[in-house]
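task: produce atomic coordinates for the following.
(one chain, ligands or ions: 4)
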Amino acid sequence: MATAPEVIRGTTNPMVTPILTDLYQFTMAYAYWKARKHHERAVFDLYFRKSPFGGEYTVFGGLEECIRFIANFKFKEDDISYLRSVMPTCEGGFFDYLRGIDCSDVEIYAIPEGSVVFPKVPLMIVEGPVAVVQLLETPFVNLVNYASLVTTNAARHRFVAGKSKTLLEFGLRRAQGPDGGISASKYCYVGGFDATSNVAAGKLFGIPLRGTHSHAFVSSFMSLDEIVDKELKSCDGSRVCNDFVNLVQAWLRKLQFTDSLHGVFGETNQSELAAFTSYALAFPKEFLALVDTYDVIRSGIPNFCAVALALNDLGYKASGIRLDSGDLAYLSIQARKFFCTIEKEFIVSGFGRTLITASNDLNEETLDHLNKQGHEVDSYGIGTYLVTCYSQAALGCVFKLVEINNQPRIKLSEDVTKVSIPCKKRCFRLYGREGYPLVDMMTGENEPPPKVGERILCRHPFSESKRAYVVPQQVEELLKCYWPGKSHKLREELPPLNKIRDRCLQQLEQMRPDHMRRLNPTPYKVSVSGKLYDFIHFLWLNEAPVGELQ
Ligand SMILES: Nc1ncnc2c1ncn2[C@@H]1O[C@H](COP(=O)(O)OP(=O)(O)OP(=O)(O)O)[C@@H](O)[C@H]1O
Ligand SMILES: O=P(O)(O)OC[C@H]1O[C@H](OP(=O)(O)OP(=O)(O)O)[C@H](O)[C@@H]1O
Ligand SMILES: O=C(O)c1cccnc1
Ligand SMILES: [Mg+2]
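Ligands and ions are numbered 1, 2, ... in the order given. Coordinates of the predicted model:
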């Protein structure tokens, strides 16, 4: 809990201002104002209806940005002038009202960022003057939608890759614009990636940076003669090798005449060798080579090994290779065999474990296929499919009015999944005997909360026959106060990004495995209390006109 009031910084993206919203929020705000309704106290739920990517879970992202947004919510004078120009029929008093608005009278309750969340359960409850909260709809939904979608995508990639693999996010060039790129790097880290290639995201969020080199670097070299400064000090600084190029060439010849490698390769590409040697001279402590520019088996790997063994003579340990095309399962296995042979032949301890990074249009499916085939990849670099959320473009979060002036409101629809759950609610996660979450349950605000060891009826919100008794072994209240407004509640602190990431990984770990599997996962149950069920259906009948048959 926060003890002293602290200054909350603005949003990461300075483009997120009170006018980053849809026009209709302003027209509605005006109509509320005209009707003298703008101060009425409204409660909105922000939730989604279906988990993405054919899965049964979602990871909540974007909360911190929402809080940073409202903490600094204030119209600028030129925004007011612009609004005046696009809403010429509106009375001047409305713009004076807008000028005075901030979010000091808004309250926000939310599930902690990085939590595993489920359809229909509010991720955020936003309460405040109806006109103000209405203006928040679009930016909030915008800030949560992609953040949660891409966090979930990253979590799914982590799930398939397995805990032991290193996951690198390489998506900046393919992301949907600069904001997409920055957000992707931030939230992929939360979802379980280890590092990003995005330097700005590294600086902004403290995410570890990682990278290799590109084909351009390899193909920019023509021959070893280009290397002028051939000197390299040993790792401990005790010796100097005057001609590192010569040492590399000597190792390549040795490899060529090694019986156990006979027939694997002959002459390698010398321009590639020049590129690798130059890279090693620049980064002897973290030499990594992209080995697929010419021919992985006949050139890239032997060239890499010659440079790595020359570095080894000087006490350096090469990092590894990157494969960016071809059959990644096969090539990684061949590379591993080559490394293991070298470890044995030349007694270089640990050489067999040289890291193999794979990239090239990877996604959940390819990772799954690689696992099924067997492979030797240690680390994946993933870009396009990850950051663009190629298999599902949007999460579909919504922001619905559930109460005004203490009066519950409902939104009806022919499609039952689109009927909103009325009332200001409390939400609980009930845990079973094995320690897994069993069900999320919503109750009315003033109902007694579920208690550990006490049997409680959980009902599907819309399907009469779906109900179950639960005796929870643990009860967790999901929504906490992140913005108390004028209430005297304590404000929950905004944790640093690595804590949000820890929460995400810990929560995913805690889920029952059948909810997490990729094929036909078991739906997680989301329910309401008996009392809330009855009230939803009472209100439904009350609001739905009775048809007349003729
Ligand atoms: N063993 C494998 N099993 C399944 N999919 C794989 C395997 N190895 C690679 N892939 C995937 O197959 C696709 C190969 O794509 P493509 O044929 O366009 O690339 P490439 O010809 O190998 O390389 P590039 O065209 O980039 O030089 C990539 O999406 C890659 O992730
Ligand atoms: O494949 P992704 O998952 O998007 O990962 C990032 C890709 O970006 C880089 O090359 P780029 O795609 O720019 O060129 P390439 O297609 O010729 O490899 C890198 O070599 C990867 O292939
Ligand atoms: O560092 C890399 O290897 C990298 C970075 C971005 C895109 N592709 C590869
Ligand atoms: Mg590519």
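
thought C235 was touching K285?
Yes - in this structure, C235 is within contact of K285 by Cβ atoms under 8 Å, at 7.2 Å. All C-beta atoms are positioned from the backbone trio N, CA, C, and that covers glycine.

neighbour-wise, which of the two wins?
Legend: neighbour count by other Cβ atoms under 10 Å for C235 and K285, higher for C235 (15 against 11).

quick one: contacts for the more buried one?
Neighbouring residues of C235 by Cβ atoms under 8 Å, 6 or more residues apart in numbering: P284, K285, L314, G315, Y316.

so where's the protein uncertain?
The chain contains residues with pLDDT under 70 at 1-5.

next to ligand 2, which bits of it? Give me the list.
Counting by Cβ under 6 Å from any ligand atom, the residues of the chain close to ligand 2 are 170, 173-174, 324, 359-362, 381-385.

just give the nearest non-adjacent residue to the closest residue to ligand 3 within the stretch 1-150 of the chain, would you?
Nearest residue of the stretch 1-150 of the chain to ligand 3: V150, at 16.7 Å (Cβ to the nearest ligand atom). With Cβ to Cβ, 6 or more residues apart in numbering as the criterion, V150 has its nearest non-adjacent residue at 4.7 Å, and that residue is Y187.

same thing with P208?
Here the nearest residue to P208 in space, its sequence neighbours aside, is A195; by Cβ to Cβ, 6+ apart that works out to 4.2 Å.

residues near that neighbour, how many?
A195, neighbours per other Cβ under 10 Å, totals 21.

what residues are bridge-paired with it?
L168 (DSSP bridges).

let me see the ranges of the helices in the stretch 201-350 of the chain.
Secondary structure of the stretch 201-350 of the chain (DSSP state H, counting those that start in this stretch): helices at 215-219, 244-256, 270-282, 301-313, 328-346.

and of those, who's closest to N520?
N520 lies closest to helix 328-346 among the helices of the stretch 201-350 of the chain, at 25.5 Å (Cβ to Cβ).

quick one: end-to-end distance for stretch 202-215.
One end of stretch 202-215 sits 24 Å from the other (Cα to Cα, to the nearest Å).

now do the buried residues in the helix or strand where H515 lies.
Assigned by DSSP states H and E, H515 belongs to helix 513-516. By neighbour count on 16 or more other Cβ atoms under 10 Å, the buried set for helix 513-516 is H515, M516.

could you measure from the closest residue to E226 other than its chain neighbours over to ligand 1?
Excluding the flanking residues, the one nearest E226 by Cβ to Cβ, 6+ apart is A274, at 5.9 Å. Going from A274 to ligand 1 by Cβ to the nearest ligand atom, to the nearest Å gives 21 Å.

quick one: contacts for A274?
Counting by Cβ under 8 Å, 6+ apart, A274 makes contact with F221, M222, S223, L224, E226, I227.

look up phi and psi at the last one.
Recorded main-chain torsions at I227 are phi -80, psi 120, according to degrees, to the nearest 10.

next, count neighbours for the closest residue in space to it that isn't next to it in sequence.
Counting by Cβ to Cβ, 6+ apart, V245 is the residue found nearest to I227 once chain neighbours are left out, at 5.4 Å. Neighbour count of V245, defined by other Cβ under 10 Å: 23.
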